[in-house]
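Visitor: Just the structure for this:
(2 chains)
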Amino acid sequence: MEKTTTHKLLSFAYFLESSKRYNKIKTFVYNLLENDEYLYKKYFDMFMIFVILSSVTLLVMDVKQHIPAWLDDFDLYFVTTIFIAEYLLRMWVFSDIHKIIIDAYEESSYFDKKMNLFSLLWMIIKDKWAYVSSISAIIDIIAILPSYRSLRVLRVFVLFRAFKMLRYTKSLTGFLYVLKNKKFELMTLLTLSTFFIFIAGIMLYVFEGDNENPNIHNLFDAFYWALITISTVGYGDISPVTPEGRVVTMLIIITGIGLISFVTSIIVSSFNERLGVLREDRVVQAVGKKKKLTVVCGYGLLGRLVVRGLQKEGVEFVIVDKSEEMAEMAYNDGHHAICADASRGEIFKKLDIDKRISHVLCLTSDDIQNAFIAVNVKSLNENVDVSARCSDNEIAKKMEFAHVDHIIMPEEIAGMMGAVYAGEPVAFEVLLSIIEEKEKTQINEVTITEESFLDNVPLGEVDFEKLRLILLGVFKQSENSKLEEFIFNPSSDFILNAGDKLVCIGYSTAIANLKRKM
Amino acid sequence: MKILQDIVLFGYGTFGRQLYKNLTAIGYKVRIITGLEDYVELESDSDVDITRINIKRNDDIFSLNLNAEETIFYCAMNQTATNLFLVLTLKSLYPNADVVAISNSNETTRKLKYAGASSVIDLYEATSRRIVNVLTKPAVSKALDEIVYNQNDLQMLEIEIPQNTFLEGKYVNEINFRQMGLILIAIIDKELGYELIFTDHRINHKLDSGDILVIVAKKGDIESFKERLVE
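Guide: Predicted coordinates for the structure are as follows:
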């Protein structure tokens, strides 16, 4: 009997594991509920906020006037059903039961043991308990309770539904993080103030409790007074009447001012620390939708120039700099910038290196740092195209060894240009204006598209003079879409094909004109 | 063959070394001058001749016995401020000197130009273009690699038209440069002043001796073109 149950359980678990549809549905539900980067989660969140707000509105309306029965039903059935469904779905996507079963089976068959159904059940319960006992799940379950109408007190728990809203708004969760981060400091202060309230309350009770003060009937009144005074709220419904009582008041008011400013400063500083992370999250989210992302590491002199160029070309990029000052500067220049250490994996994983990042540029002024970043990126994903700046030949060799795709040496490039100047100042001017794109005349490339007027045409028939372009040469497209050898000055019987790239010199408008014709 | 000018290179840092390498490869004789305390990293196999002077003192510079009219000065000191000061000094001592300075930003370029540098090489401008090209225009970047950065067969160079050649008096489009394996990119037409004109404009120029052609071509084709010019 037990054997067949185990067998059925196992085959069901394997069925779930292999079912594409099941996994697809589960991933969808997971994305909708938990994945902040999922496009449609936003709409789900908005819907939930609407449901919660309507439920809270009904609670408030119910205080003074009786609400119609259908609205009450709406609250009782519709809202509750949604909450319960949400709760169960969250529990469902929290972990995979079938995986636990499969793991347990594989482990037991490995050791040739019999699978124990009870320990398996215990494992599953333990697993799901981790969800049930989490704070957000507890809030969720309390928010469902008010649906039980016979207990009036439970209605107040509707407010827990408002707590639930925290889950759907990201900025509010940031605040909870702050409190969590400063838990130790805040707890210390709380203990300290409890201590003061305790002492002051007892002192006032001792001095004025025995009928001296008509407002203090018991110890609770004294504690209430102490809290109102120490928090500098001071309602004045209870005030000391004896000189001793007033001395106590003076003392705890001074303490209270100190405590309050202390709490404020802790929270403010914690928010400041948190600000960077919040901004980082926002940047990650903002660039999260881009498919081809370029990461620029280092926002120094070179980084800034490169960023300007990328912006002109319409490339999507994000800047990562270790120094807070530089990241701040990039941010103030209006770019997506993150202050993080690019030689560590975290930031690249956050930016989803497997799917989104196409290029990484290592442009810090330190060669070793660049090599470090390049190796870091390549070890995470070999297919990312990495360019690294380097000023030392020996380090360049090591970068080559690490398969850095493009090693760029500013001094070498400038040195080469400097040498052109000697003896050939005119060629130097030409080079400078072409390379630096300061003038209108630029060098650019145009890809021949299929069935355009250049597809399958001998070069001799193309009037480049009329197009106002100088053709330098052509790159033939090979099968794996990599660039073949550069064919300089092709002869007039050279046949152009779709996919070929023409490298031309000319006015930017002339090049745009040719591109438009494609 | 052109007479090679003297070259004086101030500063022997990373850039200076690269420049020295490239210049000596073409055949120039380069004199290196550094400040008294500048650190110079010498590669074991190089036998470079380095003079150390106090750059702040005019006497030290005069003592170098420079022929300013025939010399190109490269200013590649490590510090921007020193470099700027050096350009100022050279220009004030030799107003006609041909001074090329290295810069690291637009900011510095502006100051160096004001100080009188005849040309300024921005260390990062060309590099940044190259990085962007690798990303956005791979074909352009490969083509430029072939022409400029890799010292391969392809070259970009300028040729001054000598007197009494077959080019004289002809219009640009009367001559089929492409058939000779040459691509004419730009011209300086003496009659139109010393302005650089790219040949993508359809204005047809008459060639005269003294005009300068900027050409991209393979080495062999350049040699045969030069031979035809001399004939």
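Visitor: Find the nearest non-adjacent residue to residue 141, please.
Guide: Assuming you mean chain A. Spatial nearest neighbour of A:Ile141, excluding adjacent residues (C-beta to C-beta, 6 or more residues apart in numbering or on different chains): A:Tyr87 at 6.6 Å. Any C-beta I mention is one placed from the backbone N, CA and C, and that applies to glycine too.
Visitor: Chain B, not that one
Guide: Closest to B:Ser141 by C-beta to C-beta, 6+ apart is B:Asn133, at 3.8 Å.
Visitor: quick check: mean pLDDT across the one helix or strand that neighbour maps to?
Guide: Secondary structure from DSSP states H and E places B:Asn133 in helix B:125-136. Mean per-residue pLDDT for helix B:125-136: 85.
Visitor: so where do the strands sit in chain B?
Guide: Taking DSSP state E as the criterion, chain B contains strands spanning B:6-10, B:30-35, B:50-53, B:71-75, B:98-103, B:119-122, B:154-160, B:182-188, B:196-198, B:212-218.
Visitor: winner for burial among those?
Guide: Ranked by mean neighbour count, those are led by strand B:98-103 with a mean of 25 (mean count of other C-beta atoms under 10 Å in any protein chain shown).
Visitor: measure stretch B:110-125 end to end?
Guide: Between the opening and closing residues of stretch B:110-125 lies a distance of 14 Å (C-alpha to C-alpha, to the nearest Å).
Visitor: Give me the residues contacting it.
Guide: Applying C-beta atoms under 8 Å, 6 or more residues apart in numbering or on different chains, the external contacts of stretch B:110-125 come out as A:301-302, A:305, A:410-411, A:414, A:417-418, A:421, A:425, A:428, A:435-436, B:15, B:75, B:83-84, B:87-88, B:91, B:98-106, B:109.
Visitor: returning to that earlier point: burial of the residue nearest to B:Ser141, as a residue count?
Guide: 24 (other C-beta atoms under 10 Å in any protein chain shown).
Visitor: doesn't B:Ala143 make contact with it?
Guide: No - with contact defined as C-beta atoms under 8 Å, B:Asn133 does not count as touching B:Ala143 (9.5 Å).
Visitor: Find the residue closest to the residue of chain B found nearest chain A in space, skipping its chain neighbours.
Guide: Of all residues in chain B, the one sitting closest to chain A is B:Gln18 (2.9 Å; C-beta to the nearest C-beta). Leaving aside its chain neighbours, B:Gln18 sits nearest to A:Gly415 (2.9 Å; criterion: C-beta to C-beta, 6+ apart).
Visitor: Check which helix or strand that neighbour maps to.
Guide: Take DSSP H and E as the rule and A:Gly415 turns out to sit in helix A:410-421.
Visitor: tilt between that helix and strand B:98-103?
Guide: Helix A:410-421 and strand B:98-103 are oriented at 170 degrees to each other (axes from the mean of the first three to the mean of the last three C-alpha atoms, to 10 degrees).
Visitor: what is the rounded mean pLDDT of helix A:410-421?
Guide: Average pLDDT, helix A:410-421: 84.
Visitor: I'd like the next helix or strand past it.
Guide: Tracing the chain C-terminally past helix A:410-421 and defining elements by DSSP H and E, one meets helix A:425-436 next.
Visitor: what's the next secondary structure element after that next one?
Guide: Downstream of helix A:425-436 (by DSSP H and E), the next one is strand A:441-447.
Visitor: And chain B, is that next one touching that?
Guide: Yes - using C-beta under 8 Å from any C-beta of the partner chain, strand A:441-447 reaches chain B at A:Thr441, A:Ile443, A:Asn444, A:Glu445.
Visitor: can you pull up the bridge partners for the third one?
Guide: Spelled out, it's A:Asn444. In this entry, A:Asn444 is beta-bridged to A:Cys504, by DSSP bridges.
Visitor: residue ranges with poor pLDDT in chain B?
Guide: Across chain B, the ranges flagged by pLDDT under 70 are B:1-4, B:41-47, B:150-152, B:201-203.
Visitor: Let me see the domain layout of chain B.
Guide: Chain B is divided into the following domains under automatic domain parsing: B:6-123, B:147-230.
Visitor: Would you tell me which one of those domains is buried the most?
Guide: domain B:6-123 (a mean of 18).
Visitor: Just the endpoints, please. Distance across that one?
Guide: End-to-end distance of domain B:6-123 (C-alpha to C-alpha): 23 Å.
Visitor: show me what contacts the closest residue in space to A:Ser231 that isn't next to it in sequence?
Guide: Nearest residue to A:Ser231, sequence neighbours excluded (C-beta to C-beta, 6+ apart): A:Gly256, at 6.2 Å. The contact partners of A:Gly256, by C-beta under 8 Å, 6+ apart, come to A:Phe196, A:Thr229, A:Ile230, A:Ser231, A:Thr232.
Visitor: In helices only, show me those.
Guide: Per DSSP state H, helices hold the following members of the contacts of A:Gly256: A:Phe196, A:Thr229, A:Ile230.
Visitor: just the helices in chain B please.
Guide: For chain B, the helices defined by DSSP H cover B:14-26, B:58-62, B:80-93, B:106-115, B:125-136, B:138-144, B:219-230.
Visitor: Which neighbouring elements make contact with the last one?
Guide: Put plainly, it is helix B:219-230. Helix B:219-230 is packed against strand B:154-160, strand B:182-188, strand B:212-218, with contacts defined by 3 or more C-beta pairs under 8 Å, 6 or more residues apart in numbering or on different chains; DSSP states H and E.
Visitor: and with 7 Å instead?
Guide: strand B:154-160 (3 or more C-beta pairs under 7 Å, 6 or more residues apart in numbering or on different chains; DSSP states H and E).
Visitor: Check the offset of the strand it packs on from the chain's centre.
Guide: Put simply, strand B:154-160 sits 12 Å off its chain's centre (C-alpha atoms, centre = their mean, to the nearest Å).
Visitor: now stretch B:10-27
Guide: Offset of stretch B:10-27 from its chain centre (C-alpha atoms, centre = their mean): 12 Å.
Visitor: quick one on the thing from earlier: identify the residues contacting the residue nearest to A:Ile141.
Guide: The contact partners of A:Tyr87, taken as C-beta atoms under 7 Å, 6 or more residues apart in numbering or on different chains, are A:Asp140, A:Ile141, A:Ile144.
Visitor: Could you do A:Arg468 as well?
Guide: Contacts for A:Arg468 were tallied using C-beta under 7 Å, 6+ apart; they are A:Gly506, A:Tyr507, A:Ala510, B:Asp200, B:Arg202.
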